[in-house]
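In: no FASTA, just this:
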């Protein structure tokens, strides 16, 4: 069963005053400061990605090993471009994300996400990451069951060895107070 009973995307409100920063950031060629990332786990994922660049603009998929990120493994996805038609397919979906979605979409297209609005949102972030070939961070709120949860997302481009973006590594984590809400909801629904 999905925790997403009703889905509404929101990028700022009085209810979430900590969304005062822009809802989306794209890191420039020098990658600038990532201080705006509030999640220490996503800061770790970004540092890992930067470390794998090894003089390239974009690290390759072969540079990346999900097991190098044990603290965030349950909260990451890896999607590949499935041709030019605009489809992305999940190669890896973390266990925590699968629990939230209510389905493990590993091997499935992003469009198989049971919530069409969220699927469109995800595809938009992925295509923007492809077009910019830069990391993109986003904060947004979703309704999980009766509770609204603040999430932070980081989309990172990966290549096959050229400068063309072929894969998107994504970390999605609930921020501090939202994490407690989600953990409670997950426990309640798994019992």
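Out: Noted; the coordinates are in hand. The shown structure was predicted, so the numbers you read here are calculated from the model rather than taken from an experiment.
In: how long is stretch 82-95 end to end?
Out: Taking Cα to Cα, to the nearest Å, the first and last residues of stretch 82-95 lie 23 Å apart.
In: show me where pLDDT drops low in this protein?
Out: Under the criterion pLDDT under 70, the flagged ranges of the chain are 1-36, 83-86, 144-147, 176-191.
In: quick one: name whatever helix or strand follows the helix ranked longest in the chain.
Out: Among the elements of the chain assigned as helix by DSSP state H, the one spanning the most residues is helix 116-132. Under the assignment DSSP states H and E, the closest C-terminal helix or strand after helix 116-132 is strand 136-144.
In: helices or strands next to that next one in the packing?
Out: Packing partners of strand 136-144 (3 or more Cβ pairs under 8 Å, 6 or more residues apart in numbering; DSSP states H and E): strand 24-26, helix 116-132, strand 147-159, helix 176-190. For every residue, glycine as well, the C-beta is placed using N, CA and C.
In: try it again with 6 Å
Out: strand 24-26, strand 147-159 (3 or more Cβ pairs under 6 Å, 6 or more residues apart in numbering; DSSP states H and E).
In: okay, the ones you listed in TSV with mean neighbour count and distance to residue 91 next?
Out: Putting those into TSV (neighbours: other Cβ atoms under 10 Å; distance: least, Cβ to Cβ, whole Å) gives the following:
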stretch	mean neighbour count	distance to residue 91
strand 24-26	15	24
strand 147-159	22	11
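In: to residue 77, which of the ones you listed lies closest?
Out: The closest of the helices and strands packed on strand 136-144 to residue 77 is strand 147-159. By Cβ to Cβ, the value is 9.6 Å.
In: return the set of buried residues in whichever helix or strand comes after the closest one.
Out: Downstream of strand 147-159, the next assigned helix or strand under DSSP H and E is strand 165-174. Across strand 165-174, burial judged by 16 or more other Cβ atoms under 10 Å covers 165-174.
In: go on, stretch 118-130?
Out: Under the neighbour-count criterion of 16+ other Cβ under 10 Å, stretch 118-130 has 118-119, 121-123, 125-130 buried.
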